[in-house]
Each structure stands twice: as C-alpha cells, then as structure tokens.
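> need coordinates for the following:
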Amino acid sequence: RAAMADVSDLELPRAVVARIVKDALPDGISVSKDAKLAFGTAARIFISYLTATANEQCIAGNRKTLAANDIIQALEEIDFPEFVAPLEECLEALKKDAQDKKERKAQAKKESKLAAVAGSNGDAGNGDVGEHAGDGDAADAEQSMAVDDEPEEAEADESMAVDADS
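Next comes the predicted model:
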C-alpha cells in the first residue's frame, strides 16, 4: 500500500458525531461547534489507540487480519472492560441477523425453485405453492428440478439463436 494517511488528517463525519452526541444527551441540551469537534477528535484518537492495541494482539498471534476478538481483548487491555459485554451482544446480534437473512434467502430460493417446477409440471393453475406444491413431496420436486434444468437451458439457447437470426 501507499503511505497511510496521518491520523490527524482523518476526520469522522461531523453529522454522525453530532447525531451520536445528541442521542446521548437529554432533550434541551445544546452542544457547541467546538464541543462537536472535540467529540470527533476524541473518537478518532480512541479508535486509533484501540486499533493499535488490537493490532498488537494480532501481531502476537502471528496474524495479519484484525478480528473482533482482538478488539475485545484490546478493550480489556486499555481498561475499558465495561465496553466488552455490549460489544459482544452487538456482535452476536449481527451474526444472528446475518444467519437469519441467509436462511430467509435460501428458503425463498427453494420456494422459487419449487414453484418453477410446479409450473413446469402443469400445476401452476392450482395456486398451491410451497411445501405441498404439485402431487409429490419436496424431495420429488427437487429431484425433478435437477432433471428439468438442462432442457430449459437448451431451449433458452435455441430461442436466443432464433432471435439472433431474426
């Protein structure tokens, strides 16, 4: 990489810093422009210090990629153990959300394939899509998908060839 930017040249987005500060204060409290700048600078310094400490954990482990666990250990090392539990909860929630999203996407893909198979078997008019699509069970539908995939691709290739000749 090219030379890293000096930490003093980096600035957190002022609007984000202002929103965080405003959300942390009770209503009716205003914050001066200088105070917002001080919050942004303090946050930048804290991030840099935490990153350097986490990087030491990474180097000690003979790794080149910082992991969440390095950040957690760094928080404990720089005497901010009260941040560990909320961070771990947040990370767990993010992992759960990502897993849920992955499962929803896989389920939607499966249902879409089942609906396509049901439609290609002439069952599209019955309006029954899902677990009980068609006369067979889901395993039969998935097996027929594997068989039906190749002819559909061949038909699509043939239709493109016809379109190209037109």
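> mind giving me the packing neighbours of the strand or helix carrying residue 19?
If you go by DSSP states H and E, residue 19 is part of helix 14-24. On a contact count with 3 or more CB pairs under 8 Å, 6 or more residues apart in numbering; DSSP states H and E, helix 14-24 meets helix 33-60. Heads up, the C-betas are built off the backbone N, CA and C, glycines and all.
> mean confidence for stretch 48-61?
Average pLDDT, stretch 48-61: 94.
> hey, where'd the helices end up in this protein?
14-24, 33-60, 68-77, 84-120, 138-165 (DSSP state H).
> buried residues, the fourth one. List them.
Along helix 84-120, the positions that meet the burial threshold by neighbour count (16 or more other CB atoms under 10 Å) are 114, 115, 116, 117, 118.
> what do you get for the shortest one?
Taking 16+ other CB under 10 Å as the basis for neighbour counts, the residues of helix 68-77 that come out buried are 70, 71, 72, 73, 74, 75.
> of these, which pair is most distant in space?
Spatial extent of the buried residues of helix 68-77 (CB to CB) is set by the pair 70 and 75 at 9.9 Å.
> can you count the residues close to residue 49?
For residue 49, the count of nearby residues is 13 (other CB atoms under 10 Å).
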